[in-house]
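*Asks:* only geometry, no sequence info:
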DNA sequence: CCTTTAAGTTATCAAATGATAACTATAAGG
DNA sequence: CCTTATAGTTATCATTTGATAACTTAAAGG
């Protein structure tokens, strides 16, 4: 198996993923929230409850900047912090009902675009796609 | 087949792709070039020769901003424009030797990280991965 | 021709993001 | 205890990116 060929595929693939997701995100006009803030909210939505440190590490945003953006999200009541009982330095963050509503709206739009994107695939192909997503997430796009 | 389940996978998958590629790009300390400029250079590297309009559309950057960033790349001699013979308004852009060198360096680093990421996969799994990349690119992450 | 459209440029401004230093509070480890 | 490490905050500044208006040049379509 040619490693170079797989790598080429990897590069064009990741470029394609970015292009498509950026297109989706552009159409989804989220005016109350910046791209970085959306990334944070989506990370919370998928992994909640999370700590600011986790957000900082996984979203590659420095702690000071994470803190700043979270503060804006608290002020807009899109997420909230809960003091961790086991360690008083720590805090857990989760979406507020308003944040859930925002993310549900976003996901609903993204789902409609996703379904449009796969409107021509058969049921068997869809199963293959689901499997492919799982395979790549497990074997390539994972973090230790 | 549950469309919602596939969509869930799609969301967590694209989030994972962004996380991993952002991590790679952070480690790859490209000091001569900003993230947006790198995106442009990579797009040129994959699709060259391309026009500024294509870059603008595919990278979702307005024409004025595309023009500005390209200008900086010309000045650093990372890419160059060639007037299109068939339409004197148009121009084709390609990497200069310096730009090729920069991208080769970047790709070499990304390849080393990619190989590290898949170091535990068997030959059969690698074939599956290659196929999965192709399938998803064709059926999900394409642009019309 | 003449008008309209397309490709690209320049200038300018605002907003978002990144980087860093200095700080508080708590936990953990000799 | 005392020192060090961890979690998070605040303030500040520089850079990057996005948005918009006004412009030039050339093609295209009556």
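*Replies:* Perfect, I can see it now. Note that the structure is predicted; figures quoted are calculated from it, not measured.

*Asks:* Show me where chain A has its helices.
*Replies:* A:3-27, A:35-47, A:52-59, A:63-75, A:97-117, A:123-139 (DSSP state H).

*Asks:* Now do the last one against helix B:3-27: the angle between them, please.
*Replies:* In this case it means helix A:123-139. 30 degrees (axes from the mean of the first three to the mean of the last three C-alpha atoms, to 10 degrees).

*Asks:* One more: the second one?
*Replies:* Direction vectors for helix A:35-47 and helix B:3-27, defined by the same axes, to 10 degrees, enclose an angle of 130 degrees.

*Asks:* what comes up buried for helix A:35-47?
*Replies:* For helix A:35-47, the neighbour count (16 or more other C-beta atoms under 10 Å in any protein chain shown) marks A:37, A:38, A:39, A:40, A:41, A:42, A:43, A:44, A:45 as buried. (C-beta placed from N, C-alpha, C; glycine too.)

*Asks:* And the pLDDT at the last one?
*Replies:* Yep, that's residue A:45 we're talking about. At residue A:45, the model reports a pLDDT of 97.

*Asks:* residues in chain A within reach of DNA strand C, list them.
*Replies:* Counting by C-beta under 7 Å from any atom of the strand, the residues of chain A close to DNA strand C are A:34-37, A:61-62, A:64-65, A:68-69, A:87-89.

*Asks:* Select, from those, the two members most distant in space.
*Replies:* A:35 and A:88 (32.9 Å; C-beta to C-beta).

*Asks:* State the distance from the residue in chain A that chain B sits nearest to to residue A:121.
*Replies:* Nearest residue of chain A to chain B, counting by C-beta to the nearest C-beta: residue A:132, 3.7 Å away. Computed as C-beta to C-beta, to the nearest Å, the residue A:132 to residue A:121 distance reads 12 Å.

*Asks:* Centroid-nearest residue for chain A?
*Replies:* The centre of chain A sits closest to residue A:42, judged by C-alpha atoms, centre = their mean, with a distance of 4.3 Å.

*Asks:* Please list all residues in contact with that one.
*Replies:* A:103, A:106, B:11, B:15 (C-beta atoms under 8 Å, 6 or more residues apart in numbering or on different chains).

*Asks:* Tell me who's in contact with the last one.
*Replies:* Just to be clear, that refers to residue B:15. A:42, A:43, A:46.

*Asks:* Redo these as a markdown table? Include distance to residue B:25.
*Replies:* As requested, the contacts of residue B:15 are arranged in a markdown table below (distance: C-beta to C-beta, whole Å):
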| residue | distance to residue B:25 |
| --- | --- |
| A:42 | 19 |
| A:43 | 17 |
| A:46 | 21 |
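
*Asks:* of residue A:132 and residue A:121, who's got more company?
*Replies:* residue A:132 (23 against 17; other C-beta atoms under 10 Å in any protein chain shown).

*Asks:* contacting residues around the more buried one?
*Replies:* So residue A:132 contacts B:131, B:132, B:135, B:136 (C-beta under 8 Å, 6+ apart).

*Asks:* Could you do residue A:109 as well?
*Replies:* Residues in contact with residue A:109 (C-beta under 8 Å, 6+ apart) are A:27, A:28.

*Asks:* Quick check: residues of chain A near DNA strand D?
*Replies:* Close to DNA strand D, as judged by C-beta under 7 Å from any atom of the strand, chain A has residues A:51-53, A:63-68, A:70-71, A:81, A:87, A:89-91.

*Asks:* Please pick the buried ones from those residues.
*Replies:* A:51, A:52, A:66, A:70, A:81, A:91.

*Asks:* Just give me the closest of these to residue A:110.
*Replies:* residue A:70 (22.9 Å).

*Asks:* who's in contact with that closest one?
*Replies:* Per C-beta under 8 Å, 6+ apart, neighbours of residue A:70: A:40, A:52, A:55, A:79, A:81, A:93.

*Asks:* The same query, at a cut-off of 7 Å, please.
*Replies:* A:52, A:93 (C-beta atoms under 7 Å, 6 or more residues apart in numbering or on different chains).

*Asks:* Also residue A:103?
*Replies:* Listed by C-beta under 7 Å, 6+ apart, the contact set of residue A:103 reads A:41, A:42, A:45, A:95.

*Asks:* Spell out which two among the residues you listed are the most distant pair, please.
*Replies:* Longest span within these, C-beta to C-beta: A:42 and A:95, 10.2 Å.

*Asks:* returning to that earlier point: of all the helices of chain A, which one comes closest to residue B:115?
*Replies:* Across those, closest to residue B:115 is helix A:3-27 (C-beta to C-beta), at 6.5 Å.
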